[in-house]
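Enquirer: Sequence first, predicted model second:
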Amino acid sequence: MKNKKMMPLLLGLVLLASSCAPTAATPDENAISTAAAQTVEARFTQMADPPPVSTPTKKPASTATSLPAPAPTPTKGTGYTAPPEGCLQASLISETVPDGTVFSPGEYFWKYWYVQNTGTCTWDSSYKLVFMSGDILGGAAIYDFPGGANPDETVEIPVQFLAPAQNGSYRGYWKIQSPSGYIFGVGNDQSFWVDISVSDNPDYRVTSVQYTISREPATGCPVNVWYTTYATITVNGPTTVEYEWQLSNGKAPEKPAKPIEFTAAGTKKVSHVWQLHSGSVIKDRWVWINVYAPNNQEYQNNLAHIVYDCN
C-alpha cells in the first residue's frame, strides 16, 4: 500500500520537471536575413587580384593626358570635412582600355587608372575610388585604394569590370573620396571614366588620331630645321591599320613601308619628318593622316601645323 501511494507522487514530479526543461531557441529570421545580405554584399564588393602591371612611382604633371568634358557635378553629401586649400588635387596621368574599346557581351576586363597626387596632402589606403554616375559595369560602388601616394607621386588604381549582356555603348564616372568623406576629381574636379562598346559582332576600327610636333633644333635658324610630326593612333580592338601621310605641299601621299598591327585595343605612335632649309617660304604648313583600312577616313582634326619662322 505504501508503494502504491508513492507512485502518483513520483509521476507528478516527473511531469513537473519536464515542463520546466528549456526548449530549443527559435532562430531570429531578421538576423538570418541581415547576415545573408551582409555576406552577399561582402562577396559583391570583393575584387579579385589584378594581373601584375608595372607602376610608375613618379611622373611630372606635364605628361598628364588631356581630359574630355567633365561629368555632371556630383553632390558632395553631408558630414564631410572640407580640406585645406590645395590639399586634395589630382591629375590623370594615363589609363588602359581606351574609350570605345569593344568587348563581347558578358566579358570581364581590367581597367587601370594612373592618378597623380598633385595636392599637398598625402594619400593612403583609406582613400577610396567611388562610383558617381552612369554605368557601374558589374563593379562595386566603392573601392579602397590599393596603396598611397605622396605629393607628386602616382598611384595605380585597377578595377575589374563586366561588359553588359546587351549590345551598346556604356560609360561610368568615378572620383576619389578622402577619409573625411570629401569627394574630388582630376584636373578641374572632373570625373574620370570607363567607356566601352559591347557587340557580339564587333567592328574594330581607328577611333582617334592625335598629333604633336617637335622642332629640331628647338630654337635658332641653322641651314636646316627638322619638324617631326607624331600621330597617336587609337583603335577599339585587334586590327590592322593601313594609312598614309598627307602634306600641304601638294606632293603625293607618303605611305609607310608596312601597316600597323594591333593585337588588342590600344594606341601606337608613328612619326613623319619634314625638313625645311634656309630660304624656305615663311608660311603655315600642315600634316595629317589618311586611314584607308580598316575604316576609310581622313583625320584632319587638330591638324599638325608647321610654322617655319626663319628668314
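Expert: In hand now; what should we look at?
Enquirer: Domains of the chain: list them as residue ranges, please.
Expert: The record's domain parsing of the chain by automatic domain parsing lists 61-68+87-198, 206-307.
Enquirer: Looking at these, which one is packed in the most?
Expert: With neighbours defined as mean count of other CB atoms under 10 Å, the domains of the chain peak in mean count at domain 61-68+87-198, which reaches a mean of 18. Quick note: C-beta positions are derived from backbone N, CA and C, even for glycine.
Enquirer: Check what pLDDT the closest residue to Pro164 other than its chain neighbours gets.
Expert: Of all residues not flanking Pro164 in the chain, Val198 sits nearest, at 5.6 Å (CB to CB, 6 or more residues apart in numbering). Val198 is assigned a pLDDT of 97 by the prediction.
Enquirer: cool, and Glu261?
Expert: On the pLDDT scale, Glu261 is placed at 97.
Enquirer: would it count as being in a strand?
Expert: Yes - counting by DSSP: H, G, I helix; E, B strand; the rest coil, Glu261 is part of a strand.
Enquirer: That one is in contact with Glu242, isn't it?
Expert: No - in this structure, Glu261 is not within contact of Glu242 by CB atoms under 8 Å, at 10.6 Å.
Enquirer: Would you mind measuring from the closest residue to Ser278 other than its chain neighbours to His272?
Expert: Spatial nearest neighbour of Ser278, excluding adjacent residues (CB to CB, 6+ apart): Val223 at 5.0 Å. Going from Val223 to His272 by CB to CB, to the nearest Å gives 21 Å.
Enquirer: Ok, Trp174 next?
Expert: Look at Trp174 and His272: by CB to CB, they are 37 Å apart.
Enquirer: Keeping just the C-alphas, turn stretch 114-131 into CSV.
Expert: Provided in CSV are the C-alpha atoms of stretch 114-131 (Å, rounded to 0.1, in the frame of the first residue of the first chain):
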residue,chain,number,x,y,z
TYR,A,114,47.2,56.1,-63.1
VAL,A,115,46.4,59.2,-61.0
GLN,A,116,49.0,61.6,-59.7
ASN,A,117,48.6,63.3,-56.4
THR,A,118,49.1,67.0,-57.3
GLY,A,119,47.9,68.3,-53.9
THR,A,120,49.8,69.0,-50.7
CYS,A,121,48.3,66.1,-48.6
THR,A,122,49.5,62.5,-48.6
TRP,A,123,47.1,59.8,-49.7
ASP,A,124,47.0,56.4,-48.0
SER,A,125,44.9,53.2,-48.4
SER,A,126,42.0,54.8,-46.5
TYR,A,127,41.3,56.9,-49.6
LYS,A,128,38.6,55.4,-51.9
LEU,A,129,37.6,55.2,-55.5
VAL,A,130,33.8,55.9,-55.6
PHE,A,131,31.2,55.5,-58.4
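Enquirer: pLDDT on it, on average?
Expert: On average, the pLDDT along stretch 114-131 is 96.
Enquirer: And Asp99, how far from Ile213?
Expert: Using CB to CB, one gets 24 Å for the distance from Asp99 to Ile213.
Enquirer: Would you enumerate the residues in contact with the closest residue to Ile136 other than its chain neighbours?
Expert: Spatial nearest neighbour of Ile136, excluding adjacent residues (CB to CB, 6+ apart): Gly172 at 5.6 Å. By CB atoms under 8 Å, 6 or more residues apart in numbering, Gly172 lies in contact with 131, 133-137, 139, 193-194.
Enquirer: In TSV, list these along with distance to Pro84 and secondary structure.
Expert: Below are the contacts of Gly172 laid out as TSV (distance: CB to CB, whole Å; DSSP: H, G, I helix; E, B strand; the rest coil):
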residue	distance to Pro84	secondary structure
Phe131	26	strand
Ser133	28	strand
Gly134	31	strand
Asp135	34	coil
Ile136	32	coil
Leu137	35	coil
Gly139	31	coil
Trp193	28	strand
Val194	31	strand
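Enquirer: and of those, the nearest to Gly147?
Expert: Comparing the contacts of Gly172 against Gly147 with CB to CB places Gly139 closest, at 19.0 Å.
Enquirer: Ramachandran angles for Gly250?
Expert: Dihedral pair for Gly250: phi 80, psi 0, per degrees, to the nearest 10.
Enquirer: and the residue nearest to Asp99 when sequence neighbours are not counted, bridged to which residues?
Expert: Excluding the flanking residues, the one nearest Asp99 by CB to CB, 6+ apart is Asp195, at 4.0 Å. Note on Asp195: beta-bridge partners by DSSP bridges are Arg171.
Enquirer: Tell me who's in contact with Ala304.
Expert: Here Ala304 is in contact with 211-213, 229, 231, 286-288 (CB under 8 Å, 6+ apart).
Enquirer: actually Ser169, sorry about that
Expert: 100, 195-198.
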